[in-house]
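Visitor: please find the sequence and the predicted model below.
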Amino acid sequence: MKYEIATAEKSTVKITMTFDAEEWAAANDKAYRENRHKYAVNGFRKGKAPKHILELYYGKGLFYEDALNILLGENYDGILDKEQEKYDFVGNATFEIGEGCDLEKGNIVLIANVPVKPDVQISAYTGIKIPRFDYTVTDADVDREIDAARERIASDVEVKDRPAALKDTVTIDFVGTIDGKEFEGGTAEGYDLRLGAGQFIPGFEDGVVGMNIGETRDIGVTFPEDYQAEELKGKPAVFKVTLHKIMGKDIPAFDDEFAKKMGSDDAEAYKAKVRERLERNAKNRSRNETENSIIEEISKNATAEIPDAMIEREEEMSMQRLEYNLMQQGIKLDDYLQYVRSTREEYKKSFADDARKAVLSQLIVEKIIALEKIGAGEEEVEAKIAEQASSVGKEPEEYKKTMDPRQRQYIESDIKVTKLFEFLMANNEMITEANA
């Protein structure tokens, strides 16, 4: 077998493989041995008929397709292995018969069109004005976080001495009418509704606020123009609502007792812990949004001929993340797709634009790292490993024994990317965007 490889359009390489008559005959013989059990001929037990008899009975080209697959299977991967230092293959090839191929004469020419990682052209990545994001934590942010924690551990308590308020859960009956006539789905008895949760159309929950136990009230609302039921879109309606029960929250006071329940020694220690966590989150958010801003600005000056295989792989990863997030909520992906009236392939395509941006961003990062010769030194990698080991209470050497080989590669990549953004922030005009 001989082959030639050449770059082609749309970030692909064209591999032309040529096989002689002897190789073609050997592939046909192997195809016969592997597939003869599928065929029967009168006078022979199934799978025992000689090759020339099967070809007379079923046609001379009976094993051609299998033989072509054998030639590819025995040679194609080896070619990729030989060429992987020159080309970064990123997807499956498409195959075709090459010019001059003659299966009858045994002149075999096969062509593989293989997508490869494209080179990205960047006209500028320094000296650019780029927004920088700085998020800060205020006392009000800390107080809100503490209040939310207090609400999370609050116990339900029945309320009888006040009207319904936002965040209460009320038990109600309601009958909805349009032009004085009841409509399908507009009636319920003993319905539990958390006020302020946005379960009902705008205006309904606000109308229940202030009602007392045993009270009946008419609440006028208008269905949104984008409401799912076509016959109700934009229609004014009246709901006759009767309130039967109010369940409020017994929210604990913010004191030392509460702090101990949350794992701190006292209230001040808990508040400090909350502030520390919020500040860490704010720092991470600032960094992430600034880094995204940098890449977004550089992308405006970058072009790349991205093969479909790279876009499709990123789309599939987005689908996997969606499936995982739904699973965390107890929802199956198939059920969700049925609810939104979409197929897996249709929904995957909704990620196309974001997938293209993500691939271009990664190409930009890799290209600048290469241009600036940014590396990860052995001491830096060892320091990072020691840091990770310490976080799980192990000695570095002990921790290394448990590491996956890919983990070290990830650490090296992380160090390079961190250095890259430090370089880009130092060599561009970073304009601070103040954020709360």
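Guide: Here it is on my side, so go on.

Visitor: stretch 88-100 spans what distance, first to last residue?
Guide: With CA to CA, to the nearest Å as the measure, the ends of stretch 88-100 fall 29 Å from one another.

Visitor: doesn't residue 3 fall inside a helix?
Guide: No: assessed with DSSP: H, G, I helix; E, B strand; the rest coil, residue 3 is strand; it does not lie in a helix.

Visitor: tally of neighbours for it?
Guide: Neighbour count of residue 3, defined by other CB atoms under 10 Å: 17. C-beta: built from backbone N, CA, C; applies to glycine.

Visitor: quick check: it touching residue 19?
Guide: No: using CB atoms under 8 Å as the test, residue 3 is too far from residue 19 to be in contact (9.8 Å).

Visitor: now do the domain split for this structure, please.
Guide: What automatic domain parsing lists as the domains of the chain is 2-116, 155-250.

Visitor: which of these sits closest to residue 125?
Guide: domain 2-116 (21.0 Å; CB to CB).

Visitor: centre of the chain to that closest one, how far?
Guide: Centre-to-centre, domain 2-116 and its host chain are 37 Å apart (CA atoms, centre = their mean, to the nearest Å).

Visitor: what does stretch 386-397 give?
Guide: Centre-to-centre, stretch 386-397 and its host chain are 30 Å apart (CA atoms, centre = their mean).

Visitor: ranges for the strands of the stretch 51-200 of the chain?
Guide: Ranges of strands within the stretch 51-200 of the chain are 94-97, 108-115, 121-122, 129-135, 155-159, 169-178, 181-194, based on DSSP state E, counting those that start in this stretch.

Visitor: out of those strands, deepest packed?
Guide: strand 108-115 (a mean of 20; mean count of other CB atoms under 10 Å).

Visitor: any idea which element residue 384 lies in?
Guide: Residue 384 belongs to helix 378-391 when elements are defined using DSSP states H and E.

Visitor: list the buried residues of that helix.
Guide: Buried residues in helix 378-391, counted by 16 or more other CB atoms under 10 Å: 380, 384, 385, 386, 389.

Visitor: now stretch 284-303
Guide: Using 16+ other CB under 10 Å as the test for burial, stretch 284-303 gives 286, 287, 289, 290, 291, 293, 294, 295, 297, 298, 299, 302.

Visitor: and the first one, which of the three is it?
Guide: This points to residue 286. helix.

Visitor: OK, contacts around it?
Guide: 133, 134, 135 (CB atoms under 8 Å, 6 or more residues apart in numbering).

Visitor: before we move on, what about the third one?
Guide: Residues near residue 289 by CB under 8 Å, 6+ apart: residue 133.

Visitor: now it: which helix or strand?
Guide: helix 267-299.

Visitor: what pairs with the very next helix or strand once past that helix, and is each one parallel or antiparallel?
Guide: Using DSSP H and E, the helix or strand that follows helix 267-299 towards the C-terminus is strand 302-303. Next to strand 302-303 in the sheet, as set by DSSP bridges, lie strand 121-122 (antiparallel).

Visitor: who touches the strand it pairs with?
Guide: 298, 301, 302, 303, 304, 364, 367, 368.

Visitor: most widely separated two among those residues?
Guide: 303 and 368 (14.7 Å).

Visitor: what ranges do the helices span in this structure?
Guide: Remark: helices assigned in the chain by DSSP state H are 21-35, 51-58, 64-83, 139-152, 204-208, 256-261, 267-299, 308-328, 333-339, 344-349, 352-371, 378-391, 396-402, 405-426.

Visitor: packing partners for the fifth one?
Guide: Using 3 or more CB pairs under 8 Å, 6 or more residues apart in numbering; DSSP states H and E as the contact definition, the elements that helix 204-208 packs against are strand 216-222, strand 236-250.

Visitor: for that helix, C-alpha coordinates in CSV please.
Guide: The C-alpha trace of helix 204-208 is given here as CSV (Å, rounded to 0.1, in the frame of the first residue of the first chain):
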residue,chain,number,x,y,z
PHE,A,204,-53.1,36.3,40.5
GLU,A,205,-50.7,35.8,43.4
ASP,A,206,-50.6,39.6,44.2
GLY,A,207,-54.4,39.5,44.3
VAL,A,208,-54.3,36.7,47.0
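
Visitor: for residue 189, which of the helices of the chain is the nearest?
Guide: Of all these, helix 204-208 sits nearest to residue 189, with 15.3 Å by CB to CB.

Visitor: off-centre distance for the closest one?
Guide: 37 Å.

Visitor: any idea how far residue 284 lies from residue 419?
Guide: 18 Å (CB to CB, to the nearest Å).

Visitor: tell me the contacts of the nearest residue to residue 37 once chain neighbours are set aside?
Guide: Excluding its sequence neighbours, the residue lying closest to residue 37 (CB to CB, 6 or more residues apart in numbering) is residue 47, at 3.8 Å. Shown in contact with residue 47 (CB under 8 Å, 6+ apart): 36, 37, 38, 39, 40.

Visitor: okay, now the second one: neighbour count?
Guide: Okay, so that is residue 37. Other residues near residue 37 come to 10 when the count uses other CB under 10 Å.

Visitor: thank you kindly, that will do.
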